[in-house]
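Chemist: Only the shape, not the letters, is given here:
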């Protein structure tokens, strides 16, 4: 391979770096293999610090093996990953403790593990001056709280009795915070809000299933001036919508929990007034809450609605809400759970001057005979009108909901009169 040997050192170093990271999380082994190709390659691999900046905690990992790569990384910032679910808690903590000796250089921390809660509480240092991204996800699926007492086996452990110590955590360079199934205990709520208040550099914040059911929710507001993306998933109370005020927000994702008990009207004020990309999940059964959020995003241009709960009499309120409260800048509309094409036509007519894209999952094709939609001719005329519009692109599909499951009653072949869309289904990207 003489043509490779003739590459300039800078280019060869960059190529080897790309080759190593393409094999993550086995990039360290890949680097060792590439170093055996030739003496030149070995010199380049071992003299390129960027190749040695990612560290993976694994089942067979040995804390002593981190020493040499840490030295080869020079003074560069490093990334720490705990993504091997087979790694037991003790082994993971030992490896993280070994890396913690260089915690001043930690740049990104990713933990996706059944014991992620314990690792965050006991193995992630509370002070990381260079940390830019912290993503922590508990990978097991916890049963509903009402059924927790049934499952006493280790397969379904309860939330660990560990204090995460948000009050003492300081990550001054933090830009991204992603917590998935990391519960915020009632006694830690105020500390967590204080943590957010002290990290105004955040540009992305994603919280999912982080609230203890039926716990008191503080209604104070924290201002994050640099926040561009906010995700609040499976939130049990409307009070949480007042937690964050983001004067420069661009993308907002809000998912309501399946319970309506703690959902009341709240004044969101101008917390999300600048958001242009808005995704609302499970709001089709709560028209008042849906209207409440839409009032708070007057500049929304790309809007997505997703819902799987078709049991309520309000299940198909989205189209009516869009007619009741007009979004003047709406250009892209995506709805999962359209029950009436004539009503969708009415929405498209209302927003015809601004719309450039309409994408829907239609449900009136497979509902039972007792469905409120009796006139299939009206449905077909609406579909033809939507498809013939030249001012916006129209896509229609069916079958698969936002979470990959089947819509209720949609597969009842006996009640389906006529299919107006084809394919196995299309999933809207959230």
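Modeler: Good, I have the coordinates. From a predicted model like this one, the values you see are computed outputs, not experimental measurements.
Chemist: quick one: low-confidence ranges for the protein?
Modeler: Scanning the chain for pLDDT under 70 picks out the ranges 1-36, 141-161, 213-219, 258-262, 285, 307-316, 339, 362-376, 398-430.
Chemist: What is the subsequent helix or strand relative to whatever helix or strand residue 382 lives in?
Modeler: Assigned by DSSP states H and E, residue 382 belongs to helix 376-387. Per DSSP H and E, the first helix or strand lying C-terminal to helix 376-387 is strand 393-397.
Chemist: Which neighbouring elements make contact with the helix holding residue 382?
Modeler: On a contact count with 3 or more C-beta pairs under 8 Å, 6 or more residues apart in numbering; DSSP states H and E, helix 376-387 meets helix 341-350, strand 393-397. Where you see a C-beta, it was placed from the backbone N, CA and C, and this is true even at glycine.
Chemist: Pull out the buried residues from it.
Modeler: Within helix 376-387, the residues that qualify as buried are 379, 382-383, 385-386, counting by 16 or more other C-beta atoms under 10 Å.
Chemist: Single out the most deeply packed of the helices and strands packed on helix 376-387.
Modeler: Counting by mean count of other C-beta atoms under 10 Å, helix 341-350 has the highest mean neighbour count of these, with a mean of 20.
Chemist: now that helix against strand 393-397, angle please.
Modeler: For helix 341-350 against strand 393-397, the angle by axes from the mean of the first three to the mean of the last three C-alpha atoms, to 10 degrees is 160 degrees.
Chemist: helix or strand right after helix 341-350?
Modeler: With DSSP H and E, the next secondary element past helix 341-350 is strand 357-362.
Chemist: what lines up beside that following strand in the sheet?
Modeler: strand 332-338 (parallel), strand 393-397 (parallel) (DSSP bridges).
Chemist: that's a helix at residue 119, yeah?
Modeler: Yes: under DSSP: H, G, I helix; E, B strand; the rest coil, residue 119 sits within a helix.
Chemist: For the residue nearest to residue 233 when sequence neighbours are not counted, the count of nearby residues, please.
Modeler: Distance criterion C-beta to C-beta, 6 or more residues apart in numbering; nearest residue to residue 233, sequence neighbours excluded, is residue 208 at 3.6 Å. Look at residue 208: counted by other C-beta atoms under 10 Å, it has 18 neighbours.
Chemist: What residues are bridge-paired with residue 208?
Modeler: Here residue 208, judged by DSSP bridges, has bridge partners residue 180, residue 233.
Chemist: Quick check: it touching residue 235?
Modeler: No: with contact defined as C-beta atoms under 8 Å, residue 208 and residue 235 do not form a contacting pair (9.0 Å).
Chemist: intersection of neighbour lists for these two?
Modeler: residue 255 (C-beta atoms under 8 Å, 6 or more residues apart in numbering).
Chemist: could you give the angle of the helix holding residue 382 to strand 393-397?
Modeler: Using the same axes, to 10 degrees: helix 376-387 against strand 393-397 is 140 degrees.
Chemist: Am I right that residue 93 is in contact with residue 120?
Modeler: No: judged on C-beta under 8 Å, residue 93 makes no contact with residue 120 at a distance of 11.3 Å.
Chemist: now, which of the buried residues of helix 376-387 sits nearest residue 64?
Modeler: residue 386 (64.3 Å; C-beta to C-beta).
Chemist: the strands in the stretch 151-300 of the chain, which residues?
Modeler: 176-180, 204-208, 222-223, 229-235, 244-245, 251-256, 277-281 (DSSP state E, counting those that start in this stretch).
Chemist: I'd like to know the beta-bridge partner residues of the closest residue to residue 387 other than its chain neighbours.
Modeler: Residue nearest to residue 387 in three dimensions, not counting chain neighbours: residue 394, with 5.8 Å by C-beta to C-beta, 6+ apart. Note on residue 394: beta-bridge partners by DSSP bridges are residue 358.
Chemist: State the distance from residue 394 to residue 356.
Modeler: 11 Å (C-beta to C-beta, to the nearest Å).
Chemist: quick one on the thing from earlier: which one of residue 93 and residue 120 has more residues nearby?
Modeler: residue 120 (23 against 20).
Chemist: what about the residue nearest to the more buried one when sequence neighbours are not counted, how many residues close to it?
Modeler: In space, and not counting its chain neighbours, residue 120 is closest to residue 136: 5.1 Å by C-beta to C-beta, 6+ apart. A count of nearby residues for residue 136, using other C-beta under 10 Å, gives 22.
Chemist: Residue 136 against residue 180, yeah?
Modeler: Yes: Residue 136 is within contact range of residue 180, at 6.9 Å (criterion: C-beta under 8 Å).
Chemist: what bridges to the closest residue to residue 193 other than its chain neighbours?
Modeler: Spatial nearest neighbour of residue 193, excluding adjacent residues (C-beta to C-beta, 6+ apart): residue 222 at 5.6 Å. Beta bridges link residue 222 to residue 244 when assigned by DSSP bridges.
Chemist: My guess is residue 222 contacts residue 195. True?
Modeler: No: at 9.3 Å, residue 222 does not count as touching residue 195 under the criterion of C-beta under 8 Å.
Chemist: Sort out which residues of stretch 324-338 are buried, please.
Modeler: Buried, per 16+ other C-beta under 10 Å, within stretch 324-338: 327, 330-338.
Chemist: again with stretch 198-218
Modeler: Result for stretch 198-218 [16+ other C-beta under 10 Å]: buried residues 198-199, 202-212, 217.
Chemist: State the pair within these that is farthest apart.
Modeler: 203 and 212 (27.2 Å).
Chemist: if we can go back for a sec, in CSV: the buried residues of stretch 198-218, plus distance to residue 63.
Modeler: Conversion of these to CSV gives the following (distance: C-beta to C-beta, whole Å):
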residue, distance to residue 63
198, 32
199, 30
202, 31
203, 33
204, 31
205, 32
206, 30
207, 32
208, 31
209, 32
210, 30
211, 35
212, 34
217, 40
